Each structure stands twice: as structure tokens, then as C-alpha cells.
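>>> Please work out how this folds:
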Amino acid sequence: MAIALDALRAYRTRTEHRYTRKDVMLYALGVGLGANEEDLPFVYEQGLRVLPTFGGVLGYPGFWIKEHPELGIDWRKVLNGEQALRLHRPLPVEGEVVGELRVVDVVDKGEGRDCLLYTVRDVRDMQGELLCEVFNTVVLRGHGGFGGPAVRSEPGLAVPERPEREADHVVDFDILPQAALIYRLSGDYNPLHADPGVARQVGFPRAILHGAATWGIAGYVLMREICGGNPERVQSFGARFTSPVFPGETLRTEIWRLDSGAAVFRCSVPARDKVVLDAGGFTFA
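Numbers count the residues shown, from 1 in each chain. Reported below is the predicted structural model:
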């Protein structure tokens, strides 16, 4: 099956999403919060605060690629390649939003190679005010060679280079063995993250953690270390997914502070000596 390039380029979807305080707390539990008292503001209804990366699941249309076989994509070969978030207002602890997702670019890496799909999702409240923008690069493994463009038509979000020095912060975070099963309840029901049989079909020994969950853990660590745990100081956050993470592993986040309200970071799994998030960027007030 070949990619239907014109249909993919034209793809748009609009998702209305009503969420409650329970959803905010469930998301925080899905990225592993709740083991320490300092996590309490994000998992307890009294004085509840919203993790900035919760914006990544707001107005999310679900596993839309699987629901549209006419686009010519094998959903079993889909991975999240990059994800970034730009915040325009603090996220409310409950409410109703609209997510408008559009495909902004499709890149063909060549026969037998991958295809890169770039999307943007605008998340607005019901009055039309923009809350955040979510940027994704979706990797369609082995889908290249369909005759699409070989390079992006417009540049993506720029990330400063990582300094050639030791990191200013190094933080280890133990991922729950059941993390993927909790995180999927926030809307990403790709069976790759729950069903060992599906994982083995595409070459993994067992179900892997959602890339967006790894991303959410890193976002929490950056917010805690750089912004003193204050979500209202976070302006943008993003990273490239370079290797899968398995539930139960330990995630190490290395952070380099820059001037002018910015930092860069990368995440690794020390037990496997594997970088799993790279080219990470973070801006804050």
C-alpha cells in the first residue's frame, strides 16, 4: 500500500474535548507523579495545578492514522519522532477545548526508508482563545519511496546547540512498570504500548512506553529544576525521540542552562547507555 500523498497533505481534523480535574490528575499519575509530597499539587484536587505538558493531550484526536486506512499508512509502523509545545496561556484545571490538527509537511526519505509527517495542533478554549500549539513529527517506518518531497518546505522549531561542558543538572526518574497502561488512559490507545504481541510484531521484545509519556516526564523534571515547580513560568518545551523506553526503566535527564530564559536537555536510559530524547529545548519566564 502506497501513501496517498494528496489526501495526507489535505488532512484536517477538529476535536472537541471536555476535561475535568480527574483528567488532569490522571495525566500526572501517567507520567509517574505522586511518589513525593512535592508532586501533590498535580495529583490532588485541593489547590490543583496543571502540568504544562498536559497540553500535549488536549484536543487530541486519538490514533487517527489507524482510523484512516485510505491514507495508505500501516499503523503498526508509526512512531512519534519529535514533539514540541508552545504555551500561550496557563492551562485551566478543567474546561472544554477544541483541538484543530493539520498536516503541514510530508517528507519522503526514499525507497525502503522512512516518511516524516509533520503536524500542528492548535488548542483553543470555546471562546476561541489560543491556549497552546502542539508540534509533532511522526515517523512512518519504511513508508518512503512514494514520490513525495525529500526536504521540508518550511523550517521547524529551532533548538540551541548543547554546550560543550558538564550538565548543570542531572536528574534520575524511576518509571513505573505500569506507566504505559496508565498513560494511555489520557487518550493514546496505540496497542504498541499495551499489547506485547503487537510490540513483537514490529520488533520490540515487549510493549514500549509512549514517547509522549517520556516527553512528559522530562517536561516535569525541567519545570521542577528550572522553574521551581511553577507551571506558569513554562513557555515552550520540545525534544526529538531517538530510542524507545520501556516501562520500569530509569530515565536520566541532563540539563544545560543558557542565557535569556532558555535551557537545553537530553534524556537517556543509563542501564542501556542509550539516549532516548535528544535536541531538547526549553524556554521559561
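>>> show me what contacts the residue sitting furthest away from the middle of the chain?
What lies farthest from the middle of the chain is Gly147; by C-alpha atoms, centre = their mean that is 28.3 Å. Gly147 is in contact with Leu5, Asp108, counting by C-beta atoms under 8 Å, 6 or more residues apart in numbering. C-beta here means a position set from N, CA and C on the backbone, and glycine is covered the same way.
>>> Give me the three-state assignment for it.
Following DSSP: H, G, I helix; E, B strand; the rest coil, Gly147 is assigned to coil.
>>> From Pro231, how far out is Pro92?
For Pro92, the distance to Pro231 equals 12 Å [C-beta to C-beta, to the nearest Å].
>>> Looking at these two, which has the bigger crowd around it?
Comparing Pro92 with Pro231 by other C-beta atoms under 10 Å, the one with more neighbours is Pro231, at 20 against 14.
>>> tally of neighbours for Arg272?
By other C-beta under 10 Å, neighbour count at Arg272 equals 12.
>>> quick one: pLDDT of the nearest residue to it once chain neighbours are set aside?
Nearest non-adjacent residue to Arg272, counting by C-beta to C-beta, 6 or more residues apart in numbering: Glu249, 7.7 Å away. pLDDT recorded at Glu249 is 98.
>>> Val275 now?
In this model, Val275 is scored at 98, pLDDT.
>>> Hmm, Leu176 and the residue nearest to Arg272 touching each other?
No - the criterion here is C-beta atoms under 8 Å, and Glu249 misses it with Leu176 at 10.2 Å.
>>> Give me the sheet partners of the helix or strand hosting Arg86 and which way each runs.
Per DSSP states H and E: Arg86 is located in strand 78-87. Strand 78-87 pairs in its sheet with strand 130-140 (antiparallel), strand 234-241 (antiparallel), by DSSP bridges.
>>> among those, which is the most enclosed?
Neighbour counts (mean count of other C-beta atoms under 10 Å) averaged over each of those peak at strand 234-241, with a mean of 22.
>>> and it, what's its mean pLDDT?
If you average the pLDDT over strand 234-241, you get 96.
>>> next one: stretch 172-191
The pLDDT scores in stretch 172-191 average 94.
>>> Quick check: buried residues in that stretch?
Neighbour-count burial for stretch 172-191 flags 173, 175-176, 179-180, 182-184, 186-188, 190-191 (criterion: 16 or more other C-beta atoms under 10 Å).
>>> how about the closest residue to Phe42 other than its chain neighbours, secondary structure?
Using C-beta to C-beta, 6+ apart and skipping the chain neighbours, the partner closest in space to Phe42 is Ala28 (4.1 Å). On the three-state scheme (three-state DSSP), Ala28 is labelled helix.
>>> neighbours around Ala28, how many?
Applying other C-beta under 10 Å, we find 26 residues neighbouring Ala28.
>>> Tell me where the stretch 151-285 of the chain has strands.
All strands of the stretch 151-285 of the chain, identified by DSSP state E, counting those that start in this stretch, fall at 169-174, 234-241, 250-258, 262-269, 274-284.
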